[in-house]
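Colleague: My questions are about this predicted structure, shown below with the sequence.
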Amino acid sequence: MDLSRCCGGALLTPLLLVLLVASPARAGDFWVAPVLGSDAGAGTSPTEAWRTLRHAFAETTGPSAHTLHLLPGTHFDSGSLSMTDSTSVVGVEGVDATFVDVMDLVVTPSGAPSPGRR
C-alpha cells in the first residue's frame, strides 16, 4: 500500500515522522548514540541514549527480548563484545547511516545465565 497517496500524501509523511520520533519507548526498547549519548543515561529514548555498545549489551542481557536502536554514527569498540540472541539491533540507512566497527562479537543463547539487569 502506498501511504504517500493516502490522507493527503504531503501531510502523512511528516506526521508519521513525528509519531515515530515522539512515541514513548516500549519496554525493552533502548537507544545508543555514539556521539551525544551517555552511559550514565537511562537509554530509554533518543535523548537519553547510551553512548557505547559495550554498555548497551551489558544492560540488555538475559532472556527478555530487547531492541537496541543504533542512532546515526560509527559505533566503535576495539575489544570483544557479547550479547544474547534475544537482543535485536536496528540501525539507520541512508545519508545518516549507522556503522558498527567491532573487533569481535559473541552471541550467546538467551537461556544462558547472565548478570543482566533489565
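Modeller: Okay, I see it.

Colleague: just the helices in the chain please.
Modeller: Here the chain has its helices, by DSSP state H, at 12-22, 53-59.

Colleague: And those helices, which one averages the lowest pLDDT?
Modeller: When those are ranked by mean pLDDT, helix 12-22 comes last with a mean of 35.

Colleague: these two touch, right, Pro72 and Asp96?
Modeller: Yes - using Cβ atoms under 8 Å, Pro72 is in contact with Asp96, at 3.9 Å. All C-beta spots, glycine's among them, are computed from the backbone N, C-alpha and C.

Colleague: Now do the same contact list for the residue lying closest to Asp77 once chain neighbours are set aside.
Modeller: Once flanking residues are discounted, Asp77 sits nearest to Val102: 5.0 Å by Cβ to Cβ, 6 or more residues apart in numbering. Each residue near Val102 by Cβ atoms under 8 Å, 6 or more residues apart in numbering is listed here: 53, 75-77, 81.

Colleague: looking at those, which has the most residues close by?
Modeller: Counting by other Cβ atoms under 10 Å, His75 has the largest number of neighbours within those, with 25 neighbours.

Colleague: pretty sure that one is in contact with Leu53, am I right?
Modeller: Yes - shown here, His75 and Leu53 form a contact pair, counting by Cβ under 8 Å, at 5.1 Å.

Colleague: Could you report the separation of the residue nearest to Asp77 from Ser45?
Modeller: Val102 sits at a distance of 24 Å from Ser45 (criterion: Cβ to Cβ, to the nearest Å).

Colleague: again, but for Leu81
Modeller: 23 Å.
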